[in-house]
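1. fold the stuff below for me.
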Amino acid sequence: MGSMFDGVNVQKTAYQGTARGDFAMSLLVLSAAVMKADGKVVRAELDFVKSFFIKQFGLEETGKLLPLLKEILKQEINIQDVSIQIGQYMDYSSRLQLIHYLFGIASADGQYHPSEVEIIEIISRLMGIHKSEFASIKAMFVKDIFSAYNILEITPDATDEEIKKAYRRLAIQYHPDKVAHLGEDIRKSATEKFQKLNAAYEEIKKQRGIK
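-> Numbering: from 1, shown residues only. Here you go, the predicted structure:
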């Protein structure tokens, strides 16, 4: 995620202080909100966030930011203003990757608590992520019998032609080249999502016998 910051179009009137520092604070607030959503903070979550911030901001800056995270975790967190602000100044592809990152925190301990998924959904909505696209990302992490259909943003009663059309649309939208300018780490993440999209399509084709 080393270049996600490049996807933020920051205006001085919207952020006080340095743009990079305020974006880091916004990420800390959203990270803390997900980490404490289930009522406990585990080491695996801290390690996941630390790894992300090292890639994003570097080792030295991360050393300054992590103590702030621990302080934020002790406080009541209002995610509304931060989420709306990120939604205004971060490009859409980067916001989608941010939702992936938050699900990564939620899954760091090997399980998804409903309250974690709920808070990510609220953040997603406040950031302006389309409901169907949130469901698609969620389905890549939280599995159920409809996951493959959710990834393609369709329902099980869709026709074969609708399934093909949905796949073609998403294959274009989520192609890794769309976020290549954001750096290799984000491109890698997008590639993984693209592979999950292909896997979901292949699963449905196999179930239905679609050629």
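
2. low-confidence bits of this protein, can you list those?
-> Residues of the chain meeting the criterion pLDDT under 70: 1-21, 145, 182.

3. what residue lies at the spatial centre of it?
-> Centroid-nearest residue in the chain, with C-alpha atoms, centre = their mean: I99, separated by 1.6 Å.

4. for burial, what's the neighbour tally of the closest residue to V42 other than its chain neighbours?
-> In this structure, V42 finds its nearest non-sequential neighbour in D109, 4.9 Å apart by C-beta to C-beta, 6 or more residues apart in numbering. Backbone N, C-alpha and C define where each C-beta goes, glycine included. Counted by other C-beta atoms under 10 Å, the residues lying close to D109 total 17.

5. D109 reaches D47, doesn't it?
-> No. At 10.3 Å, D109 does not count as touching D47 under the criterion of C-beta atoms under 8 Å.

6. give the full set of residues in contact with L27.
-> Residues in contact with L27, defined by C-beta atoms under 8 Å, 6 or more residues apart in numbering, are 53, 56, 98.

7. going by neighbour count, which of the residues you listed comes out on top?
-> Most neighbours among the contacts of L27, by other C-beta under 10 Å: L98, with 25 neighbours.

8. helix or strand: which one has that one?
-> helix 92-107 (DSSP states H and E).

9. quick one: that helix to chain centroid distance?
-> Centroid displacement of helix 92-107 relative to its chain, using C-alpha atoms, centre = their mean, to the nearest Å, is 1 Å.

10. again with stretch 176-194
-> On C-alpha atoms, centre = their mean, the centre of stretch 176-194 falls 13 Å from that of its chain.

11. contact partners for the residue nearest to the centre of the chain?
-> The contact partners of I99, by C-beta under 8 Å, 6+ apart, come to 120, 123-124, 127, 129, 134, 137.

12. on that earlier part again, past the helix holding L98, which element shows up next along the chain?
-> helix 114-126.

13. show residues contacting that following helix.
-> With C-beta under 8 Å, 6+ apart as the contact definition, helix 114-126 has outside contacts at 30, 33-34, 37-39, 79-80, 83-84, 87, 99, 102-103, 105-106, 131, 134, 138, 142.
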